[in-house]
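Asks: 3D model of this:
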Amino acid sequence: AWGRAGVGLLLVAAVATAGLQWYRADRAAQEEAARQAVERQAGEFGQALLSYDHEHLQDARNRVLSLASEDFAKTYDVAFTGGLEGVITKLKADASATVRAVYLGDVDESTARAIVVMDSEVRSSAGTRRVLGSHLDMRLVRKDGTWRVTEVTSIGAAQETMTDPDGRQQGGEAVVPTPGASPAG
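Replies: So this is what the prediction gives:
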């Protein structure tokens, strides 16, 4: 009787341990999936924010708005229509950006933080501006199963250069980070 009770007890302990391990593995997989989704969304948002074509500004604006929270979308829309759009059009500016890296901070069920490191180039009638290693600090919220950017702060860049239309280069040195919240990056 004692032997069967011991075997039964071992069996219950083994099932409980297996259940606990399954639960932990499932939880870890969910957390990793959330982190990957935040990383993907933050990188995509950074690229959308810093890439545009002056002849297709509405497309660029729509990309940013599709990745933003409702509050950030309103802030961005005001900045875009309140001056950014006019400057881009006047200078015939086209910009491209690539994601160098995404670093994640805390990620929970509904909020996340990411630092996105970007390289970008803006070509316009005023010249070409290259910014290497710019850092965007992003806050994201999860709504209806989708991560949306709710806040962006530009926290500096490693290098910035400007080449005027005649080919004269200005800058090239390291840029001192200056925190500042701006929907335009």
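Asks: So which residues of this protein form helices?
Replies: Secondary structure of the chain, counting by DSSP state H: helices at 2-49, 57-67, 70-79, 85-91.
Asks: okay, the longest strand seen in the chain in PDB with CA atoms only?
Replies: Secondary structure of the chain per DSSP state E: the longest strand is strand 127-143. Extracted C-alpha coordinates of strand 127-143, given in PDB (Å, rounded to 0.1, in the frame of the first residue of the first chain):
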ATOM      1  CA  GLY A 127      21.100  70.000 -50.500                       C
ATOM      2  CA  THR A 128      21.500  66.600 -48.900                       C
ATOM      3  CA  ARG A 129      21.300  66.000 -45.200                       C
ATOM      4  CA  ARG A 130      22.600  62.700 -43.800                       C
ATOM      5  CA  VAL A 131      22.000  61.700 -40.200                       C
ATOM      6  CA  LEU A 132      23.700  58.500 -39.000                       C
ATOM      7  CA  GLY A 133      22.800  56.800 -35.800                       C
ATOM      8  CA  SER A 134      19.900  58.900 -34.800                       C
ATOM      9  CA  HIS A 135      18.100  57.500 -31.700                       C
ATOM     10  CA  LEU A 136      14.300  57.600 -31.400                       C
ATOM     11  CA  ASP A 137      12.900  56.800 -28.000                       C
ATOM     12  CA  MET A 138       9.400  55.400 -28.500                       C
ATOM     13  CA  ARG A 139       6.600  54.500 -26.200                       C
ATOM     14  CA  LEU A 140       4.000  52.000 -27.500                       C
ATOM     15  CA  VAL A 141       0.600  50.800 -26.300                       C
ATOM     16  CA  ARG A 142      -1.200  47.700 -27.300                       C
ATOM     17  CA  LYS A 143      -4.800  48.300 -28.400                       C
END
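Asks: and the angle for it with helix 57-67?
Replies: Counting by axes from the mean of the first three to the mean of the last three CA atoms, to 10 degrees, strand 127-143 lies at 30 degrees to helix 57-67.
Asks: Which neighbours in the sheet does strand 127-143 have, and how are they oriented?
Replies: If you go by DSSP bridges, strand 127-143 pairs up with strand 111-124 (antiparallel), strand 146-154 (antiparallel), strand 159-163 (antiparallel).
Asks: Compare those and report which one is nearest to residue 76.
Replies: Nearest of those to residue 76, taken as CB to CB: strand 146-154 at 8.8 Å. Quick note: C-beta positions are derived from backbone N, CA and C, even for glycine.
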